[in-house]
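Visitor: When you get a sec, could you give me coordinates for this:
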Amino acid sequence: MDKHRLITGTFLGVIAVITVWTLVTPQKTFSSSENRYLQKKPEFTIEGLLDGSYGKKYETYLSDQFPERDRWIGLKVMSERMAGKTAVNGVYIGKDGYLLEKFEEEEIEGDQLNSNLDKAGAFMQVAAEKLGEDKVRIMLVPSASQIMTDQLPALAAPYDQSRVTEKLLQKLKDNGFSEDQAEKLVVPVEDYLDKNKNQPFYYKTDHHWTGKGSYVGYEAWADSIGLEPWEEEYFEIKTVSENFRGTIYSKLNIPWQLDKIEIYVPREEQEYKVFFDGESKEYDTLYFTDALKGRDQYKVYLDGNHGLTEIVNQNIVNQIAVNHAAAGDEKDRKLLIIKDSYAHSFAPFAVNHFETVYMADLRYFNMKMGAFIEQEGITDVLILYQIPGFAKEKTISKLGWE
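Guide: The predicted model follows:
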């Protein structure tokens, strides 16, 4: 009996210590290792209790604010690896140092994905009518587990993300496009990546595609709209970091190898002007190397997330001015990318074909896309998201014309 009391007392004592520790530890608002905002203690409401949202938020709050959370995660992962598991915390422990996110069908397919496809299909239908079918594209990029299949552990069976592309094609046909039209509107990026799947298209520790991966995505998009993509030899490929550890690594928090970040810089000098969120401050670079001193080194690409990023290619602006003076009838081209962070390493390629490129992040940008397109004289539109991100993104509901 005394033994049982000791065990019970020890258990209750541990819970009490952790509870007090949690209460006295200041709440964190942001996790630099995971590059996301953490759940704060939710406000109690009867409505939230009844619909279950309060319970879900409180559970996330306890998980996010757990003392020394990163270290506990690392210990848990190490113990599961010792037990022989090859998928831990939603991550495949792959070959050659690759960490690949694992997605189940229920994480991708569902009401949110269906709603997002509805919104995207309706928007594409109006945009194609107003701008022309050859000026409107959507590119949903698969994550590493879909392409880097040779790096997956034995017996791994990741969700087939091509099913989302198939659903998108069907949604476009539901919105009045023929099968041929629908296929032209969807950039076949998976086909391009799949042709050379052994290339380093994705980081080993991060969910984004690399400079090489985004270059191939740029080729796929340019080919689909009739642009001649710049050859890779037109760029100097510079390694700007060899000590990068990304968002997937942060799910494990165990000793792991370092990644490198490469940027593509045109060999022929270009002049860019970059503006963020409508502010007047001007930057003259697409690559923000100060970010390499911090934890989120992916911000080297266009300074990370902003509601609106405007990039002016002054070389093209100057050329347009000459052509206008000579002929007076050349139409300026402006590209709008409605996007997630996959666009940050993609845009430095696209800017070499347009007078101005805008990137709109629906999480932070609240103006209706249709109104913005008409206001700025947008001629071309690209919707660019990673597939798992698109499937979960709740702000796609803001994608509308009116």
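
Visitor: quick one, domains of this structure?
Guide: Per automatic domain parsing, the domain ranges recorded for the chain read 2-67, 93-398.

Visitor: Throw those domains into TSV and include mean pLDDT, mean neighbour count and distance to A87, thanks.
Guide: To be clear about C-beta, it is placed using only N, CA and C from the backbone, and glycine gets the same treatment. Formatted as TSV, these follow (pLDDT from 0 to 100; neighbours: other Cβ atoms under 10 Å; distance: least, Cβ to Cβ, whole Å):
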stretch	mean pLDDT	mean neighbour count	distance to A87
domain 2-67	59	12	19
domain 93-398	93	18	5
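
Visitor: L336 is in what secondary structure piece?
Guide: Following DSSP states H and E, one finds L336 within strand 334-339.

Visitor: what does that strand contact?
Guide: Under the contact criterion Cβ atoms under 8 Å, 6 or more residues apart in numbering, strand 334-339 has outside partners 343, 346-347, 350, 353-362, 369, 372-373, 376-385, 399.

Visitor: which stretches of the stretch 51-200 of the chain form strands?
Guide: Remark: strands assigned in the stretch 51-200 of the chain by DSSP state E, counting those that start in this stretch are 87-88, 91-93, 99-101, 136-141.

Visitor: Just give the closest residue to W230, not the sequence neighbours.
Guide: Spatial nearest neighbour of W230, excluding adjacent residues (Cβ to Cβ, 6 or more residues apart in numbering): N352 at 6.0 Å.

Visitor: Go ahead and confirm the one you found touches Y272.
Guide: No: N352 lies out of contact with Y272 (Cβ atoms under 8 Å); the separation is 9.6 Å.

Visitor: Which neighbours do those two have in common?
Guide: Taking Cβ under 8 Å, 6+ apart as the criterion, N352 and Y272 both touch N313.

Visitor: just to revisit the earlier point, show me the contacts of strand 334-339 that map onto helices.
Guide: Judged by DSSP state H, helices contain the following of these: A347, A350, M369, F372, I373, E376.

Visitor: will you turn the residues you listed into JSON lines that also has distance to K119?
Guide: Converted to JSON lines, those look like this (distance: Cβ to Cβ, whole Å):
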{"residue": "A347", "distance to K119": "23"}
{"residue": "A350", "distance to K119": "23"}
{"residue": "M369", "distance to K119": "10"}
{"residue": "F372", "distance to K119": "16"}
{"residue": "I373", "distance to K119": "16"}
{"residue": "E376", "distance to K119": "21"}
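
Visitor: List of residues touching stretch 363-371?
Guide: Contact partners of stretch 363-371, identified using Cβ under 8 Å, 6+ apart, comprise 123, 126, 277, 305-308, 336, 338, 360, 393, 395, 398-402.

Visitor: hmm, try it at 6 Å
Guide: If you take Cβ atoms under 6 Å, 6 or more residues apart in numbering as the criterion, stretch 363-371 is touched by G307, L308, T395, G400, W401, E402.

Visitor: Then stretch 125-136?
Guide: Contacting residues not belonging to stretch 125-136 are listed as N175, D380, V381, W401 [Cβ under 6 Å, 6+ apart].

Visitor: Any idea how far apart the tips of it sit?
Guide: Using Cα to Cα, to the nearest Å, the end-to-end distance of stretch 125-136 comes to 9 Å.

Visitor: Equivalent analysis for stretch 371-387, please.
Guide: Span of stretch 371-387 from end to end, Cα to Cα: 26 Å.

Visitor: Kindly report the same for stretch 291-306.
Guide: From its first residue to its last, stretch 291-306 covers 15 Å (Cα to Cα).
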